[in-house]
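In: Here is a sequence together with a model predicted from it:
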Amino acid sequence: MMSKDAKKKLKKGKIFLQQKDLIKAIKYFEEGLKLAPDSVELWFNLGSSFLSNHKFRDAIRCFHKAIKLNTVGYIVFKLLAESYIKIGKFDEARKYYEKFLEFDPDDKEGKENLQKLTVVQNIIKKNISPIYLKRINQKMEEALLLKSQKKYIDSVSLYKEIIQLLFNEILDSTETNKLLNEVRVNIDSNYFEIINGRIETVSALIKQQKFDEAIENYRATLEIVKNIFDLNKRLDVRNELKELLNQTKINKIKNIILKLGTQFGRLQVIEIVEECKEEEHLIVSTINQMIEKKEIYAKFFESSKSVAFDQQTNIDEIDKLMEQYRQWEKEGISKK
C-alpha cells in the first residue's frame, strides 16, 4: 500500500504532467518514489514525464522498472518503443512495438510506426553500414600500423574504439561478429607482444640480481594478462607467468640464503622471512631443497623453525656454491 504522503506526491505530479510543467512533475514523482520505491504507477508516470521532456534514456530506465515491479498497462511497450527510436536503438524499438501490437493489433499508430521503422532500418542497412565499415577498416589499418611500429598500447586503444563502433546497431550483426572476432584476435596479439617485451625486461633484471624489481614486473604483467580475450590462451600465459614468478622468488631466496650461510651460524626462519620478504612456506621448502641437493651446508629444525648453517664450510665452498647459484639463475632465465 502506498502511504498518504506518497499518494499526494503522485496526485500533484499528475496535475503538473497534464499542465505540461514537466520539471515539477518529475520533482513530485521522484519525491513520491523516495516514499514508495516499489510503486508501479509512480515509475510509469515518471517515465512518461521524462519521455515528454526528451530525456529518453531516463524514460527507458523508468519504464523497465515499472515492468519489472509488476504487470503494467501494455501502453508502456509503445512508450518504450518511442523512447528507443529517439536514441537510435531501432532493434529494441521494433521489439517493443511488436510486443505492444500483440495486445492491441488494431492500433493504427502502432502499426504505422512499425512500418516506418522497417523502411528506415532497410535504408540504413543499405546506405549507412558501408560508411561505418569503411571507417572501421581505416581504423583497423591504423591499428596494424601502430603495432608494426611497436606502439602496442596505442594499437590496443584504437582497437577498443573499433569495438565501440561495432556495437552500433546500425551494422549488420553477421558482419559485426566477424569483425569483432578479428579485432579481439588483434588485441590479443598486441598484448602478447607487450608481455614478451616485459619478460625480456625481467630476464635482464634477474641477471642483475634485481629480484624485487623482477617480481614486481611479473605481477604487473599478470594484470595485463587479464585483458586477453582468448580464455585458453589467457590461462596458459597466466600459468606460465606464475611459474616464472615463483621461480624468481626461489632464486631470490637462494641468493639471500647463500649469503646468510657465510655470515651466521644459526637463524630462525622468521628472520629469513624478514630478510627475503617472501612467503614462509616457500622459504622453508627452498631451504630443504638446497640442503637435500647440497647447495648449502646446513641443517633445518622443523620443531624450532630454525636453520643451523655450517658457516665455515659455506665460506670454504663459497666459490663452488656461487657457481651453482649462477647455474640456477641461467636455467631459470632460459625457461623464459
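Out: Thanks, I have the structure now. Remember, it's a predicted structure, so these values are computed and weren't measured experimentally.
In: Angles on the backbone of F229, please.
Out: Phi and psi for F229, reported as degrees, to the nearest 10, are phi -70, psi -40.
In: how near is it to V237?
Out: F229 is 12 Å from V237, where distance means C-beta to C-beta, to the nearest Å. Using the backbone N, CA and C atoms, a C-beta is placed for each residue, glycine as well.
In: Compare those two (neighbour count), which wins?
Out: Shown here are F229 and V237; by other C-beta atoms under 10 Å, V237 has more neighbours (21 against 15).
In: Surely L35 and L10 touch.
Out: No - if you go by C-beta atoms under 8 Å, L35 and L10 don't touch, sitting 9.6 Å apart.
In: what's the overlap in contacts for these two?
Out: Counting by C-beta atoms under 8 Å, 6 or more residues apart in numbering, the shared contacts of L35 and L10 are M2.
In: Pick out whichever of those two has more residues nearby.
Out: Higher neighbour count among L35 and L10: L10, with 23 against 17, using other C-beta under 10 Å.
In: Now for that one: which residues touch it?
Out: L10 is in contact with 2, 28-29, 32, 39, 41-42, 45, counting by C-beta under 8 Å, 6+ apart.
In: how does it look with 10 Å?
Out: Residues near L10 by C-beta atoms under 10 Å, 6 or more residues apart in numbering: 2, 28-29, 31-33, 35-36, 39, 41-42, 45-46.
In: what's the burial count for the residue lying closest to I296 once chain neighbours are set aside?
Out: Nearest residue to I296, sequence neighbours excluded (C-beta to C-beta, 6 or more residues apart in numbering): M290, at 4.4 Å. By the criterion of other C-beta under 10 Å, M290 has 25 neighbours.
In: Thought K254 was touching M290, still the case?
Out: Yes - counting by C-beta atoms under 10 Å, K254 is a contact partner of M290 at 6.4 Å.
In: which parts of stretch 96-108 are buried?
Out: Neighbour counts over stretch 96-108 (16 or more other C-beta atoms under 10 Å) mark 96-97, 100-101, 107 as buried.
In: go on, stretch 202-213?
Out: Under the neighbour-count criterion of 16+ other C-beta under 10 Å, stretch 202-213 has 202-203, 205-206, 211 buried.
In: In those residues, find the pair that's most separated.
Out: S203 and F211 (12.2 Å; C-beta to C-beta).
In: Quickly list what's touching both of the two.
Out: Counting by C-beta under 10 Å, 6+ apart, the residues touching both S203 and F211 are T248.
In: so for stretch 265-275, what's the average pLDDT?
Out: For stretch 265-275, mean pLDDT rounds to 91.
In: Can I get that stretch in PDB, CA atoms only?
Out: Only the C-alpha atoms of stretch 265-275 are listed here, as PDB (Å, rounded to 0.1, in the frame of the first residue of the first chain):
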ATOM      1  CA  GLY A 265      75.800 -19.900  12.400                       C
ATOM      2  CA  ARG A 266      72.100 -20.200  13.100                       C
ATOM      3  CA  LEU A 267      68.900 -18.300  12.100                       C
ATOM      4  CA  GLN A 268      65.200 -18.500  12.800                       C
ATOM      5  CA  VAL A 269      63.000 -18.900   9.700                       C
ATOM      6  CA  ILE A 270      61.200 -15.700  10.700                       C
ATOM      7  CA  GLU A 271      64.500 -13.800  10.500                       C
ATOM      8  CA  ILE A 272      65.000 -15.100   6.900                       C
ATOM      9  CA  VAL A 273      61.400 -14.200   6.100                       C
ATOM     10  CA  GLU A 274      62.100 -10.600   7.300                       C
ATOM     11  CA  GLU A 275      65.200 -10.500   5.100                       C
END
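In: who's in contact with it?
Out: Here stretch 265-275 makes contact (C-beta under 10 Å, 6+ apart) with 253, 256-257, 259-261, 264, 278-284, 286-287, 298-302, 304-312.
In: Kindly report the same for stretch 16-28.
Out: Stretch 16-28 has contacts (C-beta under 10 Å, 6+ apart) with 8-15, 29, 42, 45-46, 48-55, 58.
In: List the buried residues in it.
Out: Across stretch 16-28, burial judged by 16+ other C-beta under 10 Å covers 16-17, 22, 25-28.
In: One more: stretch 293-311?
Out: By 16+ other C-beta under 10 Å, the buried positions in stretch 293-311 come out as 295-298, 300, 306-307, 309, 311.
In: which one of the buried residues of stretch 16-28 sits closest to V156?
Out: Among those, and counting by C-beta to C-beta, the member closest to V156 is I26, at 41.4 Å.
In: secondary structure element for the closest one?
Out: helix 22-35 (DSSP states H and E).
In: Okay, the residue nearest to L260 when sequence neighbours are not counted and K78: tell me how far apart.
Out: Leaving aside its chain neighbours, L260 sits nearest to L267 (6.2 Å; criterion: C-beta to C-beta, 6+ apart). Separation of L267 from K78 (C-beta to C-beta) stands at 79 Å.
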